[in-house]
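A.B. asks: Coordinates only, no sequence provided:
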């Protein structure tokens, strides 16, 4: 599991301007209500959701494939009632091997990364998951987990930015049709409060290149 020092937060964005409004509804001012959770978004970065092992290791042809594994069925559980807010990510690893003559265990590394603003890595941890094949078995499956923690102070937008985003704008006002996020100050504040929890296989440079170019 990822350590408690990790910070993983999602933003608080546009809030309801009337008590009876629900997400996606048009409120009394003519705006659309949108409520975003404080739980971090969870995803698998491109080209890191599968891993291929070769035998011999330097080969890259299909007849040299030894083991192939993929990450699938990614799901998350977020406890947003606490501080820090804990998000547990669970995923399945499906693996297939070429030679099935004997029982075998394959250990694969995977990472958990927390990013801020979609690009800045806040924290990273590498764990390992073991896939066990029985003799004569070509396919195997297991599950793995990772946990990140949300610090509410990092998720909270400054009061002036929050007020600017949620302020009611009446038709005819000069800024009525302007997106608050068009303001660089607001956009920057929202980015700083936007975090993601990402999981994927910890690939070598060669493995990453193989996934990206095959």
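C.D. replies: Structure's in. What do you need? The model shown is predicted, which means the values in this text are computed figures rather than measured ones.

A.B. asks: residues in contact with whichever strand or helix holds residue 212?
C.D. replies: Per DSSP states H and E: residue 212 is located in helix 205-213. For helix 205-213, contacts defined as Cβ atoms under 8 Å, 6 or more residues apart in numbering pick out 47, 48, 50, 51, 52, 60, 201, 203. Where you see a C-beta, it was placed from the backbone N, CA and C, and this is true even at glycine.

A.B. asks: and the residue most central in space within the chain, what element?
C.D. replies: Central residue of the chain (Cα atoms, centre = their mean): residue 42, 2.6 Å from the mean position. Assigned by DSSP H and E, residue 42 falls within strand 41-43.

A.B. asks: Summarise which helices and strands that strand is packed against.
C.D. replies: Judged by 3 or more Cβ pairs under 8 Å, 6 or more residues apart in numbering; DSSP states H and E, the packing partners of strand 41-43 are strand 65-79, strand 195-201.

A.B. asks: Direction included, what does it pair against?
C.D. replies: strand 195-201 (parallel) (DSSP bridges).

A.B. asks: What angle do strand 65-79 and the strand it pairs with make with each other?
C.D. replies: Orientation check (axes from the mean of the first three to the mean of the last three Cα atoms, to 10 degrees): strand 195-201 against strand 65-79 gives 160 degrees.

A.B. asks: In strand 195-201, which residues are buried?
C.D. replies: 195, 196, 197, 198, 199, 200, 201 (16 or more other Cβ atoms under 10 Å).

A.B. asks: the inter-axis angle of that strand versus helix 205-213?
C.D. replies: Going by the same axes, to 10 degrees, strand 195-201 makes 100 degrees with helix 205-213.

A.B. asks: so how far is strand 195-201 from its chain's centroid?
C.D. replies: 4 Å (Cα atoms, centre = their mean, to the nearest Å).

A.B. asks: next one: stretch 114-126
C.D. replies: With Cα atoms, centre = their mean, you get 10 Å for stretch 114-126.

A.B. asks: Let me see the ranges of the strands in this structure.
C.D. replies: Taking DSSP state E as the criterion, the chain contains strands spanning 41-43, 50-54, 65-79, 85-97, 104-116, 120-133, 139-150, 195-201.
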